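Return atomic coordinates for the entry below.
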Amino acid sequence: MSNLELWALVVGFFLPPALAIVQQAKFSDPVRAAIAFVACALAGAGTAYFQGDLTGRRFVEAGLVVLVAAVSTYHGFWKPVAVAPAIEKATNFGS
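Numbers count the residues shown, from 1 in each chain. Model prediction:
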């Protein structure tokens, strides 16, 4: 496992609580998925940039690792322990 992949996994693990601040319960599932996808792409680009290797291949690699890590840890950890839903509820900016 390369340093880029390791850091992408770490970023993907901690991304769901940060996304929970932005996500709103009133958003439809496609909107929530689009927000998560864009955030993962940006996080992947940032990870590749800070590793000093922001090329097309490394950006895609980091973005996909962040995406898979974020989605799996959201459904497998952050949601079951009620951290992400609690953050979403606390930051709900509307009805």
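
Using neighbour counts, pick out the buried residues of the one helix or strand residue 11 maps to.
Here residue 11, judged by DSSP states H and E, is contained in helix 3-22. Neighbour counts over helix 3-22 (16 or more other C-beta atoms under 10 Å) mark 4-5, 7-9, 11-13, 15-17, 19-20 as buried. Where you see a C-beta, it was placed from the backbone N, CA and C, and this is true even at glycine.

Confidence-wise, which of these comes last?
For the buried residues of helix 3-22, the weakest pLDDT value sits at residue 4, with 89.

what's that residue in contact with, if anything?
By C-beta atoms under 8 Å, 6 or more residues apart in numbering, the residues touching residue 4 are 47, 48, 51, 53, 58, 61, 62.

sorry, back to before: following the helix holding residue 11, which helix or strand shows up next?
Following helix 3-22 in sequence order, the next helix or strand is helix 29-50 (DSSP H and E).

ok, of the buried residues of helix 3-22, which one's closest to residue 31?
Nearest to residue 31 among the buried residues of helix 3-22 is residue 19, at 12.4 Å by C-beta to C-beta.
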